[in-house]
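S.K.: quick one: sequence plus predicted model below, questions after.
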Amino acid sequence: MQMVLVFTLTDADAEITGTLSNLAISYHETLSDAENNLFPIIGDYNNIVQYQQTIYVRVEDTTISTDCFTYLELLIVVMMFHRLRLSQVHWRFVIMILMALVYLI
């Protein structure tokens, strides 16, 4: 059974930025790419590690002229539920709950 799904990473933008509109967010496969602002993930993303994978999120303040950024980890998890079909909306809800749990840890 293949444990790979398509994720819309930008669904996490509102959770990350809260009410701040001056933040630029990019998603990266490696910490090094996030730190150096290289190879951002554009569009939908197919996980390349089965079951769970860490995506690195770069968050920049667009109102500051210097290189002011931070990064955080976004854990994407693929779970299979037998005899249960989850709609895309439900999958996003599961992902958001897992993101919140990772944030709290």
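M.R.: Noted; the coordinates are in hand. Source: prediction; values computed, not measured.
S.K.: now do the helices in the protein.
M.R.: Per DSSP state H, the chain carries helices over the ranges 13-17, 31-36, 88-104.
S.K.: weakest of the ones you listed by average pLDDT?
M.R.: Lowest mean pLDDT within the helices of the chain: helix 88-104, at a mean of 52.
S.K.: residue ranges with poor pLDDT in this structure?
M.R.: Applying pLDDT under 70 to the chain picks out residues 1-2, 80-105.
S.K.: if we use 90, what do you get?
M.R.: Under the criterion pLDDT under 90, the flagged ranges of the chain are 1-7, 14-16, 18-22, 46-52, 61-70, 75-105.
S.K.: so where do the strands sit in it?
M.R.: 6-7, 23-28, 45-46, 52-61, 69-77 (DSSP state E).
S.K.: redo the ones you listed as a markdown table? Include mean neighbour count.
M.R.: No exception for glycine: its C-beta is placed from N, CA and C like everyone else's. Below are these laid out as a markdown table (neighbours: other C-beta atoms under 10 Å):
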| stretch | mean neighbour count |
| --- | --- |
| strand 6-7 | 16 |
| strand 23-28 | 17 |
| strand 45-46 | 13 |
| strand 52-61 | 18 |
| strand 69-77 | 16 |
